Each structure stands twice: as structure tokens, then as C-alpha cells.
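S.K.: what's the 3D shape of this:
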Amino acid sequence: MTDPHADTPADLPTRSFGWSDMFLKPEDDPRSDGGFDDERSLLVGYLRDHRLTLELKCADLDAEALARRSVPPSTMSLLGLVRHMAEVERGWFRRTMAGEDAPRIWCTEEEPDADFDGAVADPKVVEEAWAAWRAEVAYAERFVDEAADLGVKGHRGDLTISLRELLVHMIEEYARHNGHADLLRERIDGRVGQ
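M.R.: Residues are numbered from 1 along each chain as shown. Alright, predicted model coming up:
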């Protein structure tokens with residue numbers, strides 16, 4: 001039988017299951033158990049759960065751990081993901097759906113990856129990232145709550161998208177990045193699950 005940890009560098013935690021390695025016990029999980037009755041509550045509920053997942057993956061880490069690029073050669077970090085998702089929320093809900101002239105928070109044409117590249121181990125950068133992300137999530141939630149229906153259209157260049165399609169896209173966006181967050185967090189301190 002081969003050792004599953006044979007290729008694990010000595011400075012990385014080894015994986016072993018136990019509730020102490022999990023983020024939460026099932027009874028303490030703030031996310032839903034599903035059971036949504038209609039399309040709007042289904043889409044909003046799943047998106048809310050994915051947003052909560054990103055927060056859980058970052059819980060109890062200091063600035064250094066949040067900014068750690070723990071899967072080289074990738075520049076991705078948990079802090080970078082929070083900053084990236086703030087940009088994504090802002091772009092889709094403020095600019096595309098609401099038609100606002102809302103400049104990007106960090107990224108520019110000259111620095112398109114500033115959300116990840118600027119994710120440095122500074123408590124002020126962490127605080128700014130969470131404040132921006134929470135503000136954009138709150139804006140998006142208000143927009144969805146106030147929308148007459150899920151057929152409301154937004155425009156970005158030649159693209160026209162319904163709120164319904166955007167909500168599915170946002171679920172997909174968070175699901176992909178939460179998968180990244182799983183790996184990043186496990187490489188930082190061995191925490192797994194959820």
C-alpha cells in the first residue's frame with residue numbers, strides 16, 4: 001500500500017479527517033439545507049450559500065494567511081478571491097444590470113489582475129477588501145430584492161443578460177472560486193469541508 005502523503009512537502013499539513021479539521025459541525029452551518037419553493041428563492045438562496053462559503057473559507061485567518069499564495073505558481077490567494085469577487089459583483093450588478101458608471105475598485109486596463117496582485121499581507125488591505133465585498137453584495141441583494149421579476153435585462157456592450165441568467169452565472173462564479181478556496185485553505189492550515 002502506498003503512502004498518500006509521500007509527495008506532501010514537510011512544511012505542509014497532512015490531511016486527516018476529523019471534526020477538528022472541518023469548518024463547522026453540520027448543526028452550526030449558517031447555510032441553507034435547500035428546500036426553496038420558487039425560482040427566485042432558489043437562485044437567491046444558492047447564491048447566498050455560496051457567498052457564505054467564501055466567508056467560511058476565509059474565517060479565522062490573519063492577513064498573512066489570507067494573502068498567502070499557497071498553490072504556486074498561481075498568484076491566487078484567499079484575499080485575492082475576496083477582492084476579485086467584489087469586482088465581479090460590482091461589474092455585473094452595478095455596471096451591467098443597473099447601468100451605473102461604477103469604476104473598478106482595483107483593476108485597471110494597465111493592471112487587469114490588481115485584485116490578485118494587490119492582495120498583500122496588510123490588515124488594512126484585508127479590511128478594505130471585506131468592506132468592498134460586503135458593500136457590493138449588499139448592493140446586489142438590494143437590486144435583486146427590488147427587481148420586478150427575473151426577466152429584468154442588463155446590458156454590457158453587445159451583451160444583453162437577464163437577471164435570471166446573471167444569478168445562475170454568479171452561482172457558477174462562486175462555485176468555481178470556492179473550489180479554489182478549498183484548495184488554498186487546505187494548503188494553509190489543513191482545514192477542509194463545507
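
S.K.: what about whichever strand or helix holds His180, average pLDDT?
M.R.: Using DSSP states H and E, His180 sits in helix 163-189. Helix 163-189 shows an average pLDDT of 95 in the prediction.

S.K.: how far does it sit from the chain's center?
M.R.: Offset of helix 163-189 from its chain centre (C-alpha atoms, centre = their mean, to the nearest Å): 5 Å.

S.K.: Quick one: list the elements packing against that helix.
M.R.: On a contact count with 3 or more C-beta pairs under 8 Å, 6 or more residues apart in numbering; DSSP states H and E, helix 163-189 meets helix 39-58, helix 78-89, helix 123-146, strand 153-156. C-beta coordinates here come from the backbone N, C-alpha and C atoms, glycine included.

S.K.: Those into CSV, with extra columns for distance to Ile171, mean pLDDT and mean neighbour count?
M.R.: Formatted as CSV, these follow (distance: least, C-beta to C-beta, whole Å; pLDDT from 0 to 100; neighbours: other C-beta atoms under 10 Å):
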stretch, distance to Ile171, mean pLDDT, mean neighbour count
helix 39-58, 5, 92, 18
helix 78-89, 12, 98, 24
helix 123-146, 12, 98, 16
strand 153-156, 17, 96, 14
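
S.K.: how far away is the residue most central in space within the chain from Leu166?
M.R.: Central residue of the chain (C-alpha atoms, centre = their mean): Leu54, 4.5 Å from the mean position. Applying C-beta to C-beta, to the nearest Å, the value for Leu54 to Leu166 is 18 Å.

S.K.: Identify each buried residue in the helix holding His180, please.
M.R.: Buried residues in helix 163-189, counting neighbours by 16 or more other C-beta atoms under 10 Å, are found at 163-164, 166-167, 170-171, 173-174, 177-178, 180-182, 184-186, 188.

S.K.: looking at it, Gly151 is touching Ile161, isn't it?
M.R.: No: at 10.9 Å, Gly151 does not count as touching Ile161 under the criterion of C-beta atoms under 8 Å.

S.K.: which residues does Ser162 contact?
M.R.: 150-154 (C-beta atoms under 8 Å, 6 or more residues apart in numbering).

S.K.: again, but for His155
M.R.: For His155, the contact set (C-beta under 8 Å, 6+ apart) comprises 96, 99, 161.

S.K.: neighbour-wise, which of the residues you listed leads?
M.R.: Thr96 (20 neighbours; other C-beta atoms under 10 Å).
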